[in-house]
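>>> sequence and predicted structure, then a few things I'm wondering about:
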Amino acid sequence: MVFKFLKNQFTKGENAQGAKENGGQAIEYGGFTIIPTPTKSAGGWTTEGDVEQKIDGETHVEHFIRAETHTDRQQAISHTITKAKRIIDER
């Protein structure tokens, strides 16, 4: 828990850059911001991203990675957004 807190403190400013690198793919959903951050690996593009929420003026970030990989980057972004929406809906 302490490590997650520290990670969130140090990565707050990086997510805006991440959205730029993903072609502005960040979307708003249910009071959260979803930022897909797929990376290229040997098996393809990862299903990976950040879910952000502002609480009392502070941005809280949760990073997630799923086991699925995709041959196409845009497909990975689309699937990441779908997974992030599911994460948000299950809260």
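Yep, that arrived.

>>> output the contacting helices and strands for the lengthiest helix in the chain.
As assigned by DSSP state H, the longest helix anywhere in the chain is helix 73-89. Applying 3 or more Cβ pairs under 8 Å, 6 or more residues apart in numbering; DSSP states H and E, one finds that helix 73-89 contacts strand 27-29, strand 32-36, strand 44-55, strand 58-70. Bear in mind the C-beta positions are built from the backbone N, C-alpha and C, glycine included.

>>> what residues does the spatially closest residue to Ala67 that is not a sequence neighbour make contact with?
Setting aside the residues directly before and after it, Ala67 is nearest to Thr47 in space (Cβ to Cβ, 6 or more residues apart in numbering), at 7.7 Å. Going by Cβ atoms under 8 Å, 6 or more residues apart in numbering, Thr47 touches 38, 65-70, 76, 79-80, 83.

>>> list only those of those residues flagged as buried.
38, 68-70, 76, 79-80, 83 (16 or more other Cβ atoms under 10 Å).

>>> can you give me the neighbour number for Lys54?
Residues near Lys54, counting by other Cβ atoms under 10 Å, number 11.

>>> beta partners for it?
With DSSP bridges as the criterion, Lys54 is bridged to Thr59.

>>> tell me how far it lies from His60.
8 Å (Cβ to Cβ, to the nearest Å).

>>> for Pro38, same thing?
For Pro38 relative to His60 (Cβ to Cβ), the value is 22 Å.

>>> low-confidence ranges, this protein, go.
Scanning the chain for pLDDT under 70 picks out 1-24.

>>> run through who's touching the longest helix of the chain.
Outside helix 73-89, the residues touching it (Cβ under 8 Å, 6+ apart) are 22, 25, 27, 29-30, 32, 34, 36-38, 40, 44-49, 51, 62, 64, 66, 68-70.

>>> go again using 10 Å as the cut-off
Identification of contacts with helix 73-89 by Cβ atoms under 10 Å, 6 or more residues apart in numbering yields 22-23, 25-27, 29-40, 44-51, 53, 62, 64-66, 68-70, 72.
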